[in-house]
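Undergrad: Sequence first, predicted model second:
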Amino acid sequence: MPGTVISGRLEHLGETMDLKQARYNMIEQQIRPWDVLDQNILDLFEKVPRENFVPEDFRRLAYADIAIPLGHGQVMMHPKVEARMLQALSLHPTDKVLEVGTGSGYVTALLAAAVCHVYSVEIFADLQQQAGERLARHDIGNVTLEEGNGAMGWDRHGLYDVIAVTGSLPELPESFQSSLNRGGRLFAIVGQAPVMEAILITRVGDEKFSHEILFETDMVPLVDAPAHAEFVF
């Protein structure tokens, strides 16, 4: 019926406007106040619609300052943590990136918009499939999704320019930093709840690495994360 069609369009338009405002608020009230001032990073969060990468039941909460559940006990990072991670990684258009923990595919999409290629590994097949469908709907083609356990690293594609670990690790296996190119950057959240440290490791020489503590946070651990791996930080 015509009235129903018009009503439906207005409702959709209202939701679109609400989500656009929510995206703006996320950037200005969550991300920017957390010392994310790189305009390229802010533009990424404006460009990639987060509401299309969350479970449907959480669409209206896509831009809230919460850890949105994905199933299997996994959650999305808070937007401000995602932003601080991407800013710290100093992304370049030529970078080859490893993402450990595909999750919803949102961070994957953000990375893909800024770099040459993203290899993303996810331990849960259904999460990987859902992320793949979301990425395909946005015509994001510079991503390779793989199913597996990346908690000890994922070296099958050689050395990486960037490694982003999106779940926490009690300890950081040496294999991660060994998979970096010279000049490569690694972001990881290391420690035990309730207080963990987000760290940035940069390979500055063949066997030389710089370490920086970025901030304290709390994050769901990767499945089967090693509790007694060789600790390098």
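TA: Arrived safely.
Undergrad: hey, let's count contacts and neighbours off CA atoms from now on
TA: Fine.
Undergrad: Quick check: the most centrally placed residue in the chain vs residue 211, distance?
TA: Central residue of the chain (C-alpha atoms, centre = their mean): residue 107, 3.3 Å from the mean position. Per C-alpha to C-alpha, to the nearest Å, residue 107 is found 23 Å from residue 211.
Undergrad: Ok, residue 193 next?
TA: 21 Å.
Undergrad: and if you look at residue 198?
TA: 11 Å.
Undergrad: Between the two, which has more neighbouring residues?
TA: Using other C-alpha atoms under 10 Å as the criterion, residue 198 and residue 211 rank with residue 198 on top: 22 against 14.
Undergrad: Can you tell me the SS state at the more buried one?
TA: strand (DSSP: H, G, I helix; E, B strand; the rest coil).
Undergrad: So, low pLDDT: which residues of the protein?
TA: 1-15, 228-233 (pLDDT under 70).
Undergrad: Let me see the ranges of the strands in it.
TA: 69-71, 74-75, 96-100, 117-122, 143-147, 160-169, 180-192, 195-203, 209-217 (DSSP state E).
Undergrad: Output those as CSV; include the columns distance to residue 16.
TA: Shown next, in CSV, are those (distance: least, C-alpha to C-alpha, whole Å):
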stretch, distance to residue 16
strand 69-71, 23
strand 74-75, 24
strand 96-100, 30
strand 117-122, 29
strand 143-147, 27
strand 160-169, 28
strand 180-192, 33
strand 195-203, 34
strand 209-217, 32
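Undergrad: Nearest to residue 153 among these would be which one?
TA: strand 96-100 (8.0 Å; C-alpha to C-alpha).
Undergrad: Could you tell me which strands sit next to that closest one in the sheet, and their orientation?
TA: Next to strand 96-100 in the sheet, as set by DSSP bridges, lie strand 117-122 (parallel), strand 160-169 (parallel).
Undergrad: Find the nearest non-adjacent residue to residue 150, please.
TA: residue 100 (5.8 Å; C-alpha to C-alpha, 6 or more residues apart in numbering).
Undergrad: And that neighbour, how far from residue 226?
TA: Noted for residue 100: a distance of 14 Å to residue 226, by C-alpha to C-alpha.
Undergrad: and the two? which has more neighbours close in?
TA: residue 100 (27 against 15).
Undergrad: contacting residues for the more buried one?
TA: Contacts here follow C-alpha atoms under 8 Å, 6 or more residues apart in numbering; on that basis residue 100 touches 120-122, 150-151, 163-167.
Undergrad: Number of residues surrounding the closest residue to residue 216 other than its chain neighbours?
TA: Spatially, and ignoring its direct neighbours in sequence, residue 216 is nearest to residue 197 (4.6 Å; C-alpha to C-alpha, 6+ apart). Other residues within reach of residue 197 by the criterion other C-alpha under 10 Å amount to 19.
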